[in-house]
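Colleague: Please find the sequence and the predicted model below.
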Amino acid sequence: MEPTAVPPAAGLLDETPSSPEPVAGPNPWRAAGWLLVFALLNLVAVFLYVGGYGGYLGAQLGAQGEAVDPVAIQAQVMEHMGTASAMAGMYLAQFALILPVLLLVARFKTQTAGQTLGVRSFPQKLALPWVGLLVVFLAVQAVVVQVFDVEQGEFMHMLAGSKHLLLALVLVFAAPLLEELVFRGYLFRAWRNTRLGFSGTLLLTSTLFTLLHWGQYNVIQLSFIFALALLLGFAREKSGSVLLPMLLHLCNNLVAAVAVLYLGIL
């Protein structure tokens, strides 16, 4: 059991939640352990997707009466891994593995998983100001990218103009849902009332969220992701709900999906 949640810090858009946070919550150290489990499940999902796709290719060849060449199949799998379809499929596999475990470990005798994760209503008047802040953030990001001619990297070029509907749906809906429940939901709830306080929890969850995207983006892009994570963390604190940062995350990814996947803007 954790101590009763403290009121949100005063400052930016200072509206307090309509009711106090639940008393029960994840043990801070156990939450860190579960984070490692989530990371492991992330790798397992990739392994299952790769193995499943390889099995699918082998089954197709077998159905056509052709000899199954493991080396050729491996080459096709590796080529497929650099596509938008593979990205969508792997994320859906990660979603299917991680979300049930998250909901299970967030459930306590005294409260539901939704209460632990901060799935609760927030004042509607908060939505517009926070969306406005997100618009300012996106505008600053666009200006920096253009002025400094930031190289987008191989990953973004692979996605540009693909118009892949499933990937767009994954980025706009599945990714914000799962990532916010983990970072601004479970981990935020576990660490907020420890010695870390709000500032430490904000920095730690934002850093971990940024590391989640390591390897896909360059350093400048990762700095944008870190800044977005800070914004989402503040929204979580001020609203007392994971739904507000989830909404902002969805809006951010919607803009990115339209601009990159459909308009080919880098």
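Modeller: All right, it came through fine.
Colleague: At which residues are the helices of the stretch 101-250 of the chain located?
Modeller: Assigned by DSSP state H, counting those that start in this stretch, the helices in the stretch 101-250 of the chain fall at 113-117, 127-147, 153-159, 165-169, 175-180, 188-191, 197-212, 219-239, 243-256.
Colleague: Compare the mean pLDDT across the ones you listed and name the weakest.
Modeller: Comparing mean pLDDT across the helices of the stretch 101-250 of the chain, the weakest is helix 153-159, with a mean of 83.
Colleague: any idea how far residue 254 is from residue 217?
Modeller: Per C-beta to C-beta, to the nearest Å, residue 217 is found 18 Å from residue 254. C-beta here means a position set from N, CA and C on the backbone, and glycine is covered the same way.
Colleague: wait, which of the helices of the stretch 101-250 of the chain is closest to residue 89?
Modeller: Of all the helices of the stretch 101-250 of the chain, helix 165-169 sits nearest to residue 89, with 8.2 Å by C-beta to C-beta.
Colleague: would you put the C-alpha positions of that closest one in PDB?
Modeller: Provided in PDB are the C-alpha atoms of helix 165-169 (Å, rounded to 0.1, in the frame of the first residue of the first chain):
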ATOM      1  CA  LEU A 165      -3.800   2.200 -43.300                       C
ATOM      2  CA  LEU A 166      -3.100  -0.500 -40.600                       C
ATOM      3  CA  LEU A 167       0.100   1.200 -39.500                       C
ATOM      4  CA  ALA A 168      -1.700   4.500 -39.400                       C
ATOM      5  CA  LEU A 169      -4.400   3.000 -37.100                       C
END
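Colleague: Need the pLDDT of residue 110.
Modeller: Note on residue 110: pLDDT of 88.
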